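*Asks:* Everything below, folded, please.
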Amino acid sequence: MDSITRIRCFLQVVESGGFSAAARDMGRSKALISKYVSELEDELGVRLLNRTTRQISLTQVGEAYFREAGELLQRFDDLKDAVQQDHREVRGRLRLSAPRSFSEATLGRVLASFLQEHPRVELDIEMEDRFVDIVEEGYDVAIRVAELEDSSLIARKIRDVRVVVCASPAYWEAHGMPEKASDLANMPCIIDTNYKHKTNWMFLANGERFSVPVKGPMHVNSAKTAVAAALAGLGVVRLPIFYVLEELMAGTLIPALEDYEVPGPAMYAVYPHRRHLSAKVRAFVDYMVNWHKQLEQHGDCPKMLDGPVPKED
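*Replies:* Below is the predicted model:
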């Protein structure tokens, strides 16, 4: 039995005026209360209470201990209440890791919307394209756009990520649009090296998965740079749609091979623990899931989500 429980029993005996009354107030047996107080005295090596058959009284050292222990236990209870309140409330500093290119392309909008709804949260965002160790580096949650390997971390899927093949109108005019995926093997392509298959672009047709080997003038680990190269007419690019949404809507990039399904990664929120998940982490992950659900329902049109995300019924 821990010392705090013994101290609580001692304090209750004094406040209730006896072992029987303390037992009733605490919902425990008189024998158990007496045992705990005796164990506390044995632990301290002093007698705290004078006991007679009819009453108890504090010894001199017991009076001092009662006063100091009561104050310390109250501080302990206040601290516990404060920590639990912070855990239950959507408040406090939230350390977030996210891929740089994705963050610059689209994450800012949802983060601003989240903070409008939860003004007591302070976001501390690190944008890096490497896979951070969220436990060792002290992050609360990480956003990952990837095909996740097995891990001891908890990963909640936010959404599947649609991948598009596209190029500038000038490029298609000069090279012609591909009629089938294998035509890409003979076209200059911009290679985003962040992704698993790099120079083997994956496609699905009639339920069968196959790859097309590609090559081109640029290999780069930045989706933003790959988009810039495609806009300049240097080649075909294959990217998750959120990197090229604005360009597709503006017509500065034109999609191709739309009859094919292009396998891609999924977006996940990754965090260390499922038990005792703080309110701020739970609220953030739920918000990301709901925001992207609304985005998908509106055809991935970002202008539909300039305000707070609608709450689910």
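*Asks:* Mind giving me the packing neighbours of the helix of greatest length in the chain?
*Replies:* Longest helix of the chain, by residue count under DSSP state H: helix 60-88. For helix 60-88, the helices and strands in contact under the criterion 3 or more Cβ pairs under 8 Å, 6 or more residues apart in numbering; DSSP states H and E are helix 3-16. For the C-beta atoms, the positions are set from N, CA and C on the backbone; glycine is no exception.
*Asks:* check contacts around residue 128.
*Replies:* Residues counted as contacts of residue 128 (Cβ atoms under 8 Å, 6 or more residues apart in numbering) are 97, 99-100.
*Asks:* do residue 62 as well
*Replies:* Shown here is residue 62, whose contacts under the criterion Cβ under 8 Å, 6+ apart are 46-49.
*Asks:* which one among those gets closest to residue 243?
*Replies:* Proximity of the contacts of residue 62 to residue 243, judged by Cβ to Cβ, is greatest for residue 48, which lies at 69.7 Å.
*Asks:* Number of residues surrounding the closest one?
*Replies:* By the criterion of other Cβ atoms under 10 Å, residue 48 has 22 neighbours.
*Asks:* And residue 169, by the same measure?
*Replies:* For residue 169, using other Cβ under 10 Å, the count is 12.
*Asks:* Distance of it relative to residue 107?
*Replies:* Spatial separation of residue 169 from residue 107 under the definition Cβ to Cβ, to the nearest Å is 28 Å.
*Asks:* same question, residue 22
*Replies:* The span separating residue 22 from residue 107 equals 56 Å under the rule Cβ to Cβ.
*Asks:* Between these two, tell me which one has more neighbours.
*Replies:* It is residue 22, of residue 22 and residue 107, that has more neighbours when counted by other Cβ under 10 Å, with 25 against 20.
*Asks:* which residues touch the more buried one?
*Replies:* By Cβ under 8 Å, 6+ apart, residue 22 lies in contact with 9, 12-13, 15-16, 33.
*Asks:* Show me the shaky parts of the protein.
*Replies:* Of all residues in the chain, those with pLDDT under 70 make up the ranges 1, 78, 81-87, 101-105, 129, 148-152, 273-276, 297-313.
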